[in-house]
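**Student:** Could you work out the structure for the sequence below:
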Amino acid sequence: NFFVIPQALEGKEPYLAYFGGYKNKKGQYDYFSLTGVSDTELGLDIEKYTVFTPTSAIYLRVYNNVIYALEITLNQNKEAIASITIINTGRKEKEVYSSSFYNCLLTHGNYESEETKWFRRCTLNKDGAELYSVEDLSREIHLHNYGLIKRSHDGELKATSTRMLYVGDKNGQLSTSRCLKNGELLEEKPVSQFIDSAAYGDIIKKTLKPGESLHANYRLSIAYNEEGILSKRDVKYSLEDNENDLISLRKEYDRDFAKNKNKLNLKFKGFENKPFEDELFNNFINKVMGQVDYCSKTKNSSLMMLGIRDIAQMLEAMVMWNPKYVREKIVYVLNTIGISGRSARQISFFNEQGEMLCDDREFIDQGQWLISLVHKYICFTNDISVLK
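**Tutor:** Prediction:
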């Protein structure tokens, strides 16, 4: 498993963060996290909203008649894209900023060590930054991993390649960053490696008249060798690219569910005062089905192996609308049963190389979940042939 952004464990600050800033009467900035991660409000009166669509997450903040919006997702190429829009809805001129922070790991282990920090590199370029990390498997074998941040905006930009200069000092935190408070980076350091944690950070400022807006978009791509990153370096990136990606994602989602013959279509009759429209309820139910389908395929798992029970329960959840997929995986899972008749405790559910990891430790109840899965599949499909 490859970790682009490490998981922020309990009590640790995030490795990926976006902030909004608002210049106050004292000449400094009130600033806050756009996602609610690493909150910094300290008494600020901020309205917060989060909207989950089938294809993205949208975070909204409203402060002093200014709307801050962040939309974030993965595009069809599995690149992380983030779009920030700040709109002045008031009657007076406002000085604002958006800020992003990328502290990538780019390794096959979800942990940091002194060496991963020493050798990680961040290099600024004209439209973003290039990140590099090396993994030493032996004296002779080394993995070279790259990340490329593309950026487009319509404000006044300052950027740095080091975590220390973004937060203010070596022991500083995002939630107390002097740079975010002052709206200024201490230094625009173009390259960082060895002496500090290499990370990308920026501040994009703009004075907004009533009705005006600031835009800042980002796209994070990954490559596993220098040739791969070379092919991405010179690709142009504009403010329209993220919106085009989002439109493609929405069309793909709508197309997938439009062809789903088994989707629910409920109608309500006999109510004097109908509590809600059929279309609204069915739209909601089909969004839930999309979420269940996503989770049932374990797309949100970072584990090397999954328990047989977990796999069986997930497949049961999607028998109704995706029986072909479930049948394929039933055969796959049943092929892991040993000659003793005992099922494994855990297996690698998905493996593109065709190799299977298998945890053969004896576990008491795994097999009964396979019986339940096969029984439910046959009940819904009448496909007895799966038993052959």
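**Student:** As a check, name the ranges of all strands in the stretch 101-250 of the chain.
**Tutor:** 121-125, 128-136, 142-153, 156-162, 191-192, 198-208, 213-223 (DSSP state E, counting those that start in this stretch).
**Student:** So which elements touch the least confident helix or strand in the chain by mean pLDDT?
**Tutor:** Least confident helix or strand of the chain, by mean pLDDT, DSSP states H and E, is helix 278-296 with a mean of 79. Judged by 3 or more C-beta pairs under 8 Å, 6 or more residues apart in numbering; DSSP states H and E, the packing partners of helix 278-296 are helix 239-258, helix 308-316. To be clear about C-beta, it is placed using only N, CA and C from the backbone, and glycine gets the same treatment.
**Student:** can you tell which of the strands of the stretch 101-250 of the chain is closest to residue 99?
**Tutor:** Nearest to residue 99, of all these, is strand 198-208, at 4.8 Å by C-beta to C-beta.
**Student:** Just send the strands of the stretch 101-250 of the chain back as CSV, with distance to residue 63 and mean pLDDT too.
**Tutor:** Output for those, formatted as CSV (distance: least, C-beta to C-beta, whole Å; pLDDT from 0 to 100):
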stretch, distance to residue 63, mean pLDDT
strand 121-125, 30, 95
strand 128-136, 27, 94
strand 142-153, 20, 96
strand 156-162, 20, 95
strand 191-192, 32, 94
strand 198-208, 13, 97
strand 213-223, 14, 97
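**Student:** Could I get those strands in a markdown table, plus columns for mean neighbour count and distance to residue 240?
**Tutor:** Converted to a markdown table, the strands of the stretch 101-250 of the chain look like this (neighbours: other C-beta atoms under 10 Å; distance: least, C-beta to C-beta, whole Å):
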| stretch | mean neighbour count | distance to residue 240 |
| --- | --- | --- |
| strand 121-125 | 19 | 21 |
| strand 128-136 | 20 | 16 |
| strand 142-153 | 20 | 9 |
| strand 156-162 | 20 | 19 |
| strand 191-192 | 18 | 30 |
| strand 198-208 | 23 | 18 |
| strand 213-223 | 22 | 9 |
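**Student:** which stretch among those strands comes nearest residue 14?
**Tutor:** Checking those against residue 14 by C-beta to C-beta gives strand 198-208 as the closest, at 11.6 Å.
**Student:** quick one: that closest one to chain centroid distance?
**Tutor:** 21 Å (C-alpha atoms, centre = their mean, to the nearest Å).
**Student:** Give me the angle between that strand and strand 142-153.
**Tutor:** Computed by axes from the mean of the first three to the mean of the last three C-alpha atoms, to 10 degrees, the angle separating strand 198-208 from strand 142-153 equals 0 degrees.
**Student:** in its sheet, what does strand 198-208 sit against?
**Tutor:** According to DSSP bridges, strand 198-208 has the following sheet partners: strand 94-102 (antiparallel), strand 156-162 (antiparallel).
**Student:** Nearest to residue 184, out of the ones you listed?
**Tutor:** So among those, strand 156-162 is nearest, using C-beta to C-beta, at 7.2 Å.
**Student:** tell me the angle the closest one makes with strand 213-223.
**Tutor:** Going by the same axes, to 10 degrees, strand 156-162 makes 30 degrees with strand 213-223.
**Student:** Assign a three-state SS to residue 376, would you?
**Tutor:** Look at residue 376: counting by DSSP: H, G, I helix; E, B strand; the rest coil, its state is helix.
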